[in-house]
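**Q** Give me the fold of what follows.
(one chain, ligands or ions: 1)
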Amino acid sequence: MNTTNKKTVVITGATGAIGKATALELAKNNCAVIILGRNSEKLLKVKSEIIQVTNNYDIDAVVADLSEPKSIKQAVAEIKRKHTSLNALVNVAAIFTKSRTENSQGLEYTFATNHLGPFILTNELLDLLKAGKPARVVTVSAPSTTKINFDDINGKKKFSSGFLGSFGASKMMNLMFTYALARRLEGTGITTSVFHPGLVKSDLTKDMPKLLYYIFKTISSAPDKAAKMLCSLAVDKKYENSNGTFFKYDGKGIKSHKYSYETGLQEKLWTVSEQLSK
Ligand SMILES: NC(=O)c1ccc[n+]([C@@H]2O[C@H](COP(=O)([O-])OP(=O)(O)OC[C@H]3O[C@@H](n4cnc5c(N)ncnc54)[C@H](OP(=O)(O)O)[C@@H]3O)[C@@H](O)[C@H]2O)c1
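**A** Got it, this is the predicted structure:
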């Protein structure tokens, strides 16, 4: 991999399949890695595993529940106490639920965790990323075709789960967020891309009906290939100038659904997200 100097990278979802494999890959590539997770016990276990495998001691663990804006802001404050600049933020964490639950602000849990969490975290870390430029923001999504119900973004009137429901909509939001962010980042020295890891073995969809979950796991691959690519998108010089691109696990730039490119809707999502972040 073609990188210059030591990079400092924040990664969410580090206790999950893709996040952990990517954090490991970043550590192998001599990055200082700040791993974020909601469960401190799990997080410390991942930290010691990464150190043991890579001998890279520059691994910091910061607790952050992405469904709770207050927890994200505490994590950002902790990062800012320890660091004056960052080179990359990798948004990996997500949740897949079959029923509607809420965070402490009454926001639907999938929306709060999968979209609003990375939205807030990214915006709160932009000053550190600017200080570390050239810098990147990479968000893990999927080629979602699910439209956003702006009249009921919180799923209060009608909640549906899964790829065509709240989860699919949250992955559409990841795409639209990246495209809207790319416009805002033009000329700042920070670039942003969005990444589809392909089907990867993990427990993400364990809330699916059992048979579907079993089939899903059977046809999925180990996270290594996706992790290598995600690591490259975060720190490889080759991707330094890629802004607003949707990448697939094989490194190819791909098109997302045409709905995701509607700038009016991207901006509407940005405004709603800003309002709900307060
Ligand atoms: N697996 C696939 O086939 C696939 C396909 C397309 C896209 N993706 C995307 O890839 C990403 C990673 O998925 P994965 O398969 O690696 O899933 P995973 O193994 O279930 O990992 C999910 C991660 O998100 C964390 N997380 C969940 N809720 C959180 C919260 N409120 N606050 C902080 N962290 C939270 C989990 O923490 P805990 O360990 O505490 O639960 C875990 O570390 C997701 O964005 C997913 O949408 C996956």
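
**Q** pull the CA atoms of the helix or strand bottoming out on mean pLDDT in the chain into PDB?
**A** When the helices and strands of the chain are scored by mean pLDDT, DSSP states H and E, helix 210-219 comes last with a mean of 88. Extracted as PDB, the C-alpha positions of helix 210-219 are listed here (Å, rounded to 0.1, in the frame of the first residue of the first chain):
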ATOM      1  CA  LYS A 210     -33.700 -17.900  10.800                       C
ATOM      2  CA  LEU A 211     -33.700 -19.500   7.300                       C
ATOM      3  CA  LEU A 212     -32.900 -16.300   5.500                       C
ATOM      4  CA  TYR A 213     -30.100 -15.500   8.100                       C
ATOM      5  CA  TYR A 214     -28.700 -19.000   7.500                       C
ATOM      6  CA  ILE A 215     -28.700 -18.600   3.700                       C
ATOM      7  CA  PHE A 216     -27.300 -15.100   4.000                       C
ATOM      8  CA  LYS A 217     -24.400 -16.400   6.100                       C
ATOM      9  CA  THR A 218     -23.700 -19.400   3.900                       C
ATOM     10  CA  ILE A 219     -23.300 -17.300   0.700                       C
END
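
**Q** For that helix, buried residues please.
**A** Within helix 210-219, the residues scored as buried using 16 or more other C-beta atoms under 10 Å are 216, 217. C-beta coordinates here come from the backbone N, C-alpha and C atoms, glycine included.

**Q** how far does it sit from the chain's center?
**A** Put simply, helix 210-219 sits 24 Å off its chain's centre (C-alpha atoms, centre = their mean, to the nearest Å).

**Q** Can you name the residues in contact with it?
**A** 199, 201, 205, 206, 208 (C-beta atoms under 8 Å, 6 or more residues apart in numbering).

**Q** near the ligand, which of those residues show up?
**A** By C-beta under 6 Å from any ligand atom, the members of the contacts of helix 210-219 lying near the ligand are residue 199.

**Q** Just the buried residues of the contacts of helix 210-219.
**A** Neighbour-count burial (16+ other C-beta under 10 Å) applied to the contacts of helix 210-219 gives 205, 208.

**Q** just the helices in the chain please.
**A** 17-28, 40-54, 69-82, 109-110, 117-131, 166-185, 210-219, 224-235, 263-277 (DSSP state H).

**Q** out of those helices, deepest packed?
**A** With neighbours taken as mean count of other C-beta atoms under 10 Å, the helices of the chain reach their highest mean count in helix 17-28, at a mean of 25.

**Q** Could you show which parts of this protein are in contact with the ligand?
**A** Residues of the chain lying near the ligand (C-beta under 6 Å from any ligand atom): 13, 15-19, 37-39, 42, 64-67, 92-95, 113, 140, 142, 197, 199-200, 202-204, 220.

**Q** among the residues you listed, which ones are buried?
**A** Taking 16+ other C-beta under 10 Å as the criterion, what is buried in the residues of the chain next to the ligand is 13, 15-19, 37-38, 64-67, 92-95, 113, 140, 142, 197, 200, 202, 204, 220.

**Q** Out of the residues you listed, which sit inside strands?
**A** 37, 140 (DSSP state E).

**Q** For the ligand, what's its nearest residue on the stretch 151-278 of the chain.
**A** Closest to the ligand within the stretch 151-278 of the chain is residue 202: 3.1 Å, counting by C-beta to the nearest ligand atom.

**Q** In contact with the closest residue to that residue other than its chain neighbours, which residues?
**A** Distances taken as C-beta to C-beta, 6 or more residues apart in numbering place residue 17 nearest to residue 202, at 3.4 Å, with adjacent residues excluded. In this structure, residue 17 makes contact with 200, 201, 202, 203, 204, 223, judged by C-beta under 8 Å, 6+ apart.

**Q** That's all I had, so thanks and see you.
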